[in-house]
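Q: Fold the stuff below for me.
(4 chains)
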Number of protein chains: 4
Amino acid sequence: MSKKKVGIIGATGYTGSELVRILLHHPEVEIAAITSESRKGDRFSDVHPFFRGLVEMQLVSIKDIESLDLDVVFLALPHGVSMDFVKDHAEKPYPIIDLSGDFRLDSAGTYEAWYNKDHVYPKGIEDAAYGIPELFREEIKGKKLVANPGCYPTSAILGLAPLVEHNMVEPNIIVDSKSGTTGAGVKAKAATHFPNVNDNFKAYSVKTHRHTIEIEGTLNKKGEEDLTIQFTPHLLPVDRGIVSTIYAKPKEGVDTGRINEVFRDYYKDEPFIRLTDQPPAIKEVRGTNFCDIYCTYDERTNNFITISAIDNLVKGAAGQAVQNMNLLFDWDETAGLGRVPMNP
Amino acid sequence: MSKKKVGIIGATGYTGSELVRILLHHPEVEIAAITSESRKGDRFSDVHPFFRGLVEMQLVSIKDIESLDLDVVFLALPHGVSMDFVKDHAEKPYPIIDLSGDFRLDSAGTYEAWYNKDHVYPKGIEDAAYGIPELFREEIKGKKLVANPGCYPTSAILGLAPLVEHNMVEPNIIVDSKSGTTGAGVKAKAATHFPNVNDNFKAYSVKTHRHTIEIEGTLNKKGEEDLTIQFTPHLLPVDRGIVSTIYAKPKEGVDTGRINEVFRDYYKDEPFIRLTDQPPAIKEVRGTNFCDIYCTYDERTNNFITISAIDNLVKGAAGQAVQNMNLLFDWDETAGLGRVPMNP
Amino acid sequence: MSKKKVGIIGATGYTGSELVRILLHHPEVEIAAITSESRKGDRFSDVHPFFRGLVEMQLVSIKDIESLDLDVVFLALPHGVSMDFVKDHAEKPYPIIDLSGDFRLDSAGTYEAWYNKDHVYPKGIEDAAYGIPELFREEIKGKKLVANPGCYPTSAILGLAPLVEHNMVEPNIIVDSKSGTTGAGVKAKAATHFPNVNDNFKAYSVKTHRHTIEIEGTLNKKGEEDLTIQFTPHLLPVDRGIVSTIYAKPKEGVDTGRINEVFRDYYKDEPFIRLTDQPPAIKEVRGTNFCDIYCTYDERTNNFITISAIDNLVKGAAGQAVQNMNLLFDWDETAGLGRVPMNP
Amino acid sequence: MSKKKVGIIGATGYTGSELVRILLHHPEVEIAAITSESRKGDRFSDVHPFFRGLVEMQLVSIKDIESLDLDVVFLALPHGVSMDFVKDHAEKPYPIIDLSGDFRLDSAGTYEAWYNKDHVYPKGIEDAAYGIPELFREEIKGKKLVANPGCYPTSAILGLAPLVEHNMVEPNIIVDSKSGTTGAGVKAKAATHFPNVNDNFKAYSVKTHRHTIEIEGTLNKKGEEDLTIQFTPHLLPVDRGIVSTIYAKPKEGVDTGRINEVFRDYYKDEPFIRLTDQPPAIKEVRGTNFCDIYCTYDERTNNFITISAIDNLVKGAAGQAVQNMNLLFDWDETAGLGRVPMNP
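A: Got it, this is the predicted structure:
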């Protein structure tokens, strides 16, 4: 059978290069086009030299993809740009997997409140499935538009979903997250200038990070009562990876001793969730689509603590996008997602 | 006037070398002896080659210090070893500043519960002052024994003290801390093997770290009601520095809008506390005795958040020890503590 | 057709875990046994937790492999230990690929001079092929014993071979190499204690590193006159990767302008050599079996400069070992060696 | 006696902030003005927040300094901008210490060839002393203009000067240098974007770096015959520090066994040169004005090898500038230059 033809819209960023890294060896697809408006005409390996000898295809413009008879399209575009593409291509036959934040929230109003930008295509919000397969597998299948989750939300939601869905926790929750610098994008800026990050560490966007509402909104679809998430991101002097340390109070009467069983049961048969008996480390998931989760209850303080670790560019972006594609086409959900971490 | 004679007991670790770094240029003291049982006879610069040409004095044994007429002694010894020294030297005329955990807790029983070790000198616990000058300045003055605080506790306590002392917070508090590797000591071990730390990040000692009880015990001396601290340490791929991100609920009726004023007032005139209007970064305090603190209130979630940053080897160890010495001798509290961070 | 059965002797080090990472997805083989004398009975994922859920097989003792009917064996053992295994198993039907230094030099005498150890199996030295396929492809095929090259030598030899084989350079050559810390092994020691490596850099083993003689000896098989290599290794604060900067004088009369052509011609059709027009970076080859090489001639100084970059654990160890296995079994030389670097 | 008034021209870069770090505690001077055209009106601590509470003085424009009766001026300006300042202020009473490359070379023609820029003030080149005190102490004293050396040249020249001045080496020399990222400046750019540097390493500016001619030109003032330097810089994933590994051939008849004696003799009484018996590490000099040098002769290869380590921002920039100021005013050459490295 011939391979499905994939289009990757947006070549210059980290999600673009990760999509190519993963899809290049995917057994069911071929990369038919990679677009870049700023670099069109250049080869992909001109933009990402580590692909030299591997991916020499020429970058094209978005308007060149129409003739290609694509089967599926990934959007590796900035927030605010993706929605234009989706609006213009909503009637095309191919499904779209959007890695931006444009279709993840529950309404145009919420989007506008947290992204300070008008939404040009509210219908897309209604049509989209939120692409965490472990929570929304059935909703994703058959969709034309998948809103691929944010990196921090993926780690937070997977670390909380079992507790929320079983109505085990009080609605005030702390999510203290630490991320590598690739989450800030490929573009050089003061915040990611090497001497500003190396041997350094700090919090940022305290109280105001956009992923707060994505975490809340998504978990609220699963829980019985609305949550309030205190989300604090920090910048780690590492390339990849997120660790989220999550604190929640058990509801009264909850059998706190069952926390491990609840997680085990919730994630049984999930190929990309690994429950651990030690706090997980970034390098144990690096380069893979795994989310490693540790959960425990502290009797002394009466807190649940869960700690999750992902690679922000894989399970937090390109890998989960490919997992969603596998789901859309009813392929083995692990196809193309080689699972051995690079460590060290 | 002649300089006071300092003895440093324990030369091989990081606190030992930091004490020498700081005391070498202190205007009021001279280093009269540095001891090491394992390296006695070697020069200090044999153990720490970066001191070559600067500190070539020979290391001696503890038993050689008796003849030296010391004026003050710093103990840079492991937990469990310090208490032997203090027991044996309690009647000496010089004050002792102990950088270990042996005299920080409120009773031998508490010590034994958290350190799994019998305490050989409970009287020292009664006699000691807990050496955070910002909180216990008057208690420290005139003491013969100062229990120099732990690194994590220093960052947590300074970030919480104003709220606790003003009875502004509910007793369940989250302290999510991140530390550089020097906190784990000078000795090579798997946990600090470069490939295990570099580009990596994880939590450790969840629910069980000894500093938990030190934070609780100390804050309880200041507050009206007993606190429960959920303390989670994490290992950063950096050499030095701790950031503690602290979450607390306001008590009902508290004027949450006054948080900045409360901190400003509490720490006014403190030479080593800097209140910041952005989350502080490790490199902004590196090499110095500063504790930078950011505090805020989130209306949406009804949480106080305070974030503190220190250099674990300075304000978290050797620098605070020197600050305590300055206090004991009634010198300018900043003497010897050059205050410009090395950045980058 | 059934898969070939592989035995990996030595599980606890980095070369062991890299072999498993690569072989797990190799289309022609299955891992039949992984041995460890110190950890036998434990699961492989107990030793390397990032393999949890992926490789749970139990480690066995060397003496347990006899019954397994293995088709090929990789030795991931320390120098001095490998030769015992080879001596004891030389008559077995399977070929052995030895990743240690025990069979790389040209005589037992040379070995003893540089390794300060008697060689227990000199016959192995005669029987072994030196496993750089790009230089010794025909010699390797059909061999029962392959001496897999050292990491530094791989980078130096591949950067020099075209010039040496064409007799283009004077015999005094400078190889200034910089390596990540995994080259120093999995065991924690002072030299690789995080605070000793992070934000630091230095040379080591100046004039005396064992790889000097491996580089010289190997190149001398290819050149017309004996070389003298000044090899200086340095320790980089990175996990993986080697960059070797190589300086050589052209022989009189050599057409220096042909250097690029000479390299292009020498390495044409080589799937793992990429010639670059900019100095190569470690992360452009990380996780792969590539050796990227930049070569140039400086008219002003009359020097050839070549710069090579490899991943020391892949092309410098486990990857090249698998490439050698592919050659032994006449499989596609790239089989199992997924070629996209992880970057960043 | 009143303190001398210092002006620092250029506040935003790393050399500016290092000058302030050092001069703030210098016993003989006070900082009278710090200028920045782009940030004038802001406080110094707005630009470098780690100075908050320490240096709150307002930045002024260059044209505001005329009224201040300055005693000495440091130029922390980019190449090409310094010469305009020097031209305009050459008749002022104060001496100028220029940290740029504008007055380091031996003629306007050489400058124009390597910097691709016309020189606006060739007379300054004639008037300036090249500010390495260890080599040009007498020339510097009494000068109105000091060309403070480049970072790489400082490390290379100090590592070679004894051999060159004693006419011990052949004129073809290899300088293989590795530098931290602060050498590339404070401005964020792709080359210093964290994910491009972290866990990475590569050479750059092979054959073409401007410091080549500065090294050659300076050493040629000391030697009997003109040298040719093959200088290859590399970018280390560290903040600060340069290690230069230098290879030179002894001239025939040279007593190679005397190399240590020659270095010891040449640098005796130098407060900032430390000769080491192991290859020096960056962190052994970090934050200080030391240059640590290791020298050896390899009989096997007939090469001299010297390895030098400096902090590029201190001995390679601001520290050496202060050392030059001390010399100009006939103060203790170590004044203000606290000498204990921060390690780790």
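
Q: Now do the helices in the stretch 1-150 of chain A.
A: Taking DSSP state H, counting those that start in this stretch as the criterion, the stretch 1-150 of chain A contains helices spanning A:14-23, A:44-47, A:82-89, A:108-115, A:122-127, A:133-140.

Q: so how far is stretch A:137-152 from its chain's centroid?
A: 10 Å (CA atoms, centre = their mean, to the nearest Å).

Q: so, in contact with chain D or not, it?
A: No: counting by CB under 8 Å from any CB of the partner chain, chain D has no neighbours in stretch A:137-152; the shortest distance is 14.4 Å. (Each C-beta comes from the backbone N, C-alpha and C, glycine too.)

Q: Pull out the buried positions in that stretch.
A: Under the neighbour-count criterion of 16 or more other CB atoms under 10 Å in any protein chain shown, stretch A:137-152 has A:139-140, A:143-152 buried.

Q: Farthest-apart pair in these, please.
A: Greatest spacing in the buried residues of stretch A:137-152, by CB to CB: A:144 and A:152 (26.3 Å).

Q: residues from the stretch 51-200 of chain A in reach of chain B?
A: A:172, A:174, A:176, A:178, A:195-196, A:198-200.

Q: Quote the end-to-end distance of stretch A:237-253.
A: Using CA to CA, to the nearest Å, the span of stretch A:237-253 from its first residue to its last is 41 Å.

Q: got the phi/psi numbers for residue A:193?
A: Dihedral angles of residue A:193 (phi, psi; degrees, to the nearest 10) stand at phi -70, psi 130.

Q: Likewise for residue A:294?
A: Torsion angles, degrees, to the nearest 10, at residue A:294: phi -120, psi 130.

Q: what's near enough to touch it?
A: With contact taken as CB atoms under 8 Å, 6 or more residues apart in numbering or on different chains, residue A:294 is in contact with A:275-280, A:306-308, B:203, B:206.

Q: what does residue A:2 give?
A: For residue A:2, no contacting residues are found, by CB under 8 Å, 6+ apart.

Q: Quick check: it vs residue A:326, distance?
A: To residue A:326, residue A:2 is 17 Å away according to CB to CB, to the nearest Å.

Q: Any residues of the stretch 51-200 of chain A in contact with chain D? List them.
A: In this structure, the stretch 51-200 of chain A approaches chain D at residues A:181-182, A:186-190, A:192-199, judged by CB under 8 Å from any CB.

Q: Next, the angle strand B:172-179 makes with the longest strand along chain A.
A: In terms of residue count, the longest strand belonging to chain A (DSSP state E) is strand A:169-179. Compare the direction of strand A:169-179 with that of strand B:172-179 by axes from the mean of the first three to the mean of the last three CA atoms, to 10 degrees and you get 10 degrees.

Q: And strand A:169-179, what does it pack against?
A: helix A:151-165, strand A:228-235, strand A:242-250, strand B:172-179, strand B:242-248 (3 or more CB pairs under 8 Å, 6 or more residues apart in numbering or on different chains; DSSP states H and E).

Q: still on that earlier bit, need the residues of the stretch 51-200 of chain A next to chain B in CSV (columns: neighbour count and pLDDT).
A: Output for these, formatted as CSV (neighbours: other CB atoms under 10 Å in any protein chain shown; pLDDT from 0 to 100):
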residue, neighbour count, pLDDT
A:172, 17, 97
A:174, 23, 98
A:176, 26, 99
A:178, 30, 98
A:195, 24, 98
A:196, 23, 98
A:198, 25, 98
A:199, 23, 98
A:200, 24, 98
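
Q: Can you tell me which of those residues is nearest residue A:89?
A: Nearest member of those to residue A:89, counting by CB to CB, is residue A:178, at 36.3 Å.

Q: ok, which stretches of chain A are strands?
A: A:4-9, A:29-35, A:72-75, A:96-98, A:129-130, A:145-147, A:169-179, A:202-203, A:228-235, A:242-250, A:273-275, A:291-298, A:303-310.
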